[in-house]
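# okay, here's the prediction I keep looking at, along with the sequence it came from:
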Amino acid sequence: MQFDTSSLWIYLYLPNLQLNIQQSHAEQLSAADEQTKNQETAAQIVYHPKLNQVVQLNAQAQKLGIKKGMGLASASIICSHLVVSEYKETIAIQALQELANQLYLVTSDIVIDEPSGVFLRAQNMLRLYGNLTQYWQVIQEVINKQGYDVYYASAYSVNVAKLIAKHEQRYMGDDKKHILQQLQQCSLVLTDIDKKDIEKLQRIGIKSIADLFDQPLSAFASRVSKFSLQIMSELRGESAAKLRFYQPPQRYEHYLELLYDVELTARLLPVIRKCLHALEAYLLVRNGLALSIHITLFQREHEPITQVINSALPIYKSAHWLEIIALRFEKLALSSGVYGITIQCEKIEQADGCESDFFSEKSTHVAAMTLLSRLKAKLGEQQVKLMQYQDDYRPECCTQLLTKAVDKDPNRAIHRTSNSVTKPHFLDRPGFLLKAPIPLNAKVSVIDGPERIASGWWDNHEVQRDYFLAESHQGQQMWIFRTVDDNWFVHGYFI
């Protein structure tokens, strides 16, 4: 889609994404390990093997004299204990998508510029926030939570904003004269113009943006490619860029590669917490809830372990998910160190917008579902069973234990059970029903009855009984019945 050149744009330049992510994960892992809490941060670089260059480095590496563009051999000579990570573009792209998910809560038009930038169209948000300063404060709050190194610039052209920000500037304003001054100080090398065309321009004396603007665009038509000519036109503000707005994905999947192998599940929980925060933001944007998530732990020397984490109640908050995961991980044994984690959410349910009254039983139901989720995580899916009401007058057949194989909707089962106990013919039932009737061997006094139950002729389990409410000499009330053979049995006790 093409935009007019009068719109104000902001470009966020994040040159150290992979390094920032790894440092954040290292801090979370060290927070869980008492031995590494007070250790000094080591010099760390991100190395691009194809370019044979250092592309990202932390402050400790800079103090030692390591610079961007330096080869791995030269960097290793300067520092023998250097921490080296291989550059992976997928990590940066995934981080940009997560940042876009967070920004999507406060701004509308977002464009991801892979692999290290994000465009924000600020013009149509100024009416909502009042002015550019207030709008930028909201954007900054989102960025600061991520802890990324960011440079930024605003301009009335996407390429101008990008070029100023890539010169590691932090400029936010809407003064066109000042934006032009910033632009003219920029170098051609950092533009999106083709590298070969930049060399051609430098041969004819065009070495800066100011030199480029001194000549008409038609003077370069026969010297550079159409792509480079389009970039020049966009920098001049004579044409607009074609960009595609960001849309949150329909399916959530997040892969996280750890800085080093982790062999204890307890030390994985701080890292998983950060991943769940990203999932929470994703669900919040969509007003969605999840019943199940998949966590895959990639082991260094063994097959990956996939854990399906289920919740009896649809939830989205990271704290609630982490409680269930912690219970599940208590009995999880790792065969070797974990170097990567993937969290997937296949199905999302829409949050119910209905409001209940103050005296509703919603809180009680939520507590029951929370308890059910924790029990399943702690004991296992097969070990937790639910009781479901069956339309049968025979006492031993009116309830059924649900296993995982048939328990596809525990919410419905519990609702149905709670609603069924209010039926009139269950008001005089005992609170404790025996699994099987036992013979009546003591003298009792009949208080109420009889109630005849004759049923089950259709499934070869026919019963014909007369039930009575009786009381023993000790005052214990019980539910007894008499068969057609005049035999007496106890079927339950009132408690």
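Thanks, I have the structure now. Since the structure is predicted, the reported quantities are computational estimates derived from the model, not experimental observations.
# please count neighbours and contacts with C-alpha atoms only from this point.
Noted.
# what are the ranges of the helices in the stretch 251-400 of the chain?
269-286, 318-329, 362-379 (DSSP state H, counting those that start in this stretch).
# tell me which helix or strand of the protein sits lowest on mean pLDDT?
helix 410-420 (a mean of 44; mean pLDDT, DSSP states H and E).
# toward the C-terminus, what is the element adjacent to that one?
strand 432-439 (DSSP states H and E).
# who's in contact with the closest residue to A333 other than its chain neighbours?
Closest residue to A333 apart from its sequence neighbours, by Cα to Cα, 6 or more residues apart in numbering: T265 at 7.7 Å. Applying Cα atoms under 8 Å, 6 or more residues apart in numbering to T265 gives the contacts 329-330, 332-334.
# now the buried members of the residues you listed.
Listed as buried from the contacts of T265 are 329, 334; burial here means 16 or more other Cα atoms under 10 Å.
# in the contacts of T265, find the pair that's most separated.
E330 and L334 (11.2 Å; Cα to Cα).
# for the spatially closest residue to I110 that is not a sequence neighbour, give its distance to A100.
Nearest residue to I110, sequence neighbours excluded (Cα to Cα, 6+ apart): L120, at 5.0 Å. Computed with Cα to Cα, to the nearest Å, the distance linking L120 and A100 is 10 Å.
# repeat for L217
35 Å.
# neighbour-wise, which of those two wins?
Using other Cα atoms under 10 Å, the more surrounded residue of L217 and A100 is A100, with 22 against 15.
# which strand or helix spans the more buried one?
helix 89-103.
# so what are the sheet partners of the following helix or strand past that helix and their directions?
Following helix 89-103 in sequence order, the next helix or strand is strand 110-113 (DSSP H and E). In its sheet, strand 110-113 lies beside strand 117-121 (antiparallel), with partners assigned from DSSP bridges.
# and the strand it pairs with, how far from the chain's centre?
22 Å (Cα atoms, centre = their mean, to the nearest Å).
# got it, and stretch 370-377?
With Cα atoms, centre = their mean as the basis, the mean position of stretch 370-377 lies at 21 Å from the chain mean.
# for the helix holding A100, packing partners?
helix 17-32, strand 110-113, strand 117-121, helix 132-146, helix 269-286 (3 or more Cα pairs under 8 Å, 6 or more residues apart in numbering; DSSP states H and E).
# looking at those, which is buried most?
strand 117-121 (a mean of 23; mean count of other Cα atoms under 10 Å).
# could I get the helices and strands packed on helix 89-103 as a markdown table with mean pLDDT?
As requested, the helices and strands packed on helix 89-103 are exported to a markdown table (pLDDT from 0 to 100):
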| stretch | mean pLDDT |
| --- | --- |
| helix 17-32 | 78 |
| strand 110-113 | 95 |
| strand 117-121 | 95 |
| helix 132-146 | 93 |
| helix 269-286 | 87 |
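# nearest to D174, of these?
helix 132-146 (8.0 Å).
# same for that closest one, what does it pack against?
Using 3+ Cα pairs under 8 Å, 6+ apart: helix 132-146 touches helix 89-103, helix 126-129.
# and the longest one, C-alpha only, in PDB?
Translated: helix 89-103. This file holds the C-alpha atoms of helix 89-103, laid out as PDB (Å, rounded to 0.1, in the frame of the first residue of the first chain):
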ATOM      1  CA  GLU A  89      18.600 -13.700  11.800                       C
ATOM      2  CA  THR A  90      15.500 -15.700  12.900                       C
ATOM      3  CA  ILE A  91      16.100 -14.700  16.600                       C
ATOM      4  CA  ALA A  92      16.000 -11.000  15.600                       C
ATOM      5  CA  ILE A  93      12.900 -11.400  13.400                       C
ATOM      6  CA  GLN A  94      11.100 -13.200  16.200                       C
ATOM      7  CA  ALA A  95      12.000 -10.500  18.700                       C
ATOM      8  CA  LEU A  96      10.700  -7.800  16.200                       C
ATOM      9  CA  GLN A  97       7.400  -9.700  16.000                       C
ATOM     10  CA  GLU A  98       7.000  -9.800  19.700                       C
ATOM     11  CA  LEU A  99       7.800  -6.100  20.000                       C
ATOM     12  CA  ALA A 100       5.200  -5.500  17.300                       C
ATOM     13  CA  ASN A 101       2.700  -7.400  19.400                       C
ATOM     14  CA  GLN A 102       3.400  -5.200  22.400                       C
ATOM     15  CA  LEU A 103       3.200  -2.000  20.300                       C
END
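# need the contact partners of that helix.
17-18, 110, 112, 114-118, 139, 142-143, 146, 246, 248, 254, 256, 278, 281-282, 285.
# same thing but at 6 Å, please
17-18, 115 (Cα atoms under 6 Å, 6 or more residues apart in numbering).
# what does the last one give?
For helix 126-129, the external contacting residues (Cα under 6 Å, 6+ apart) are Y135.
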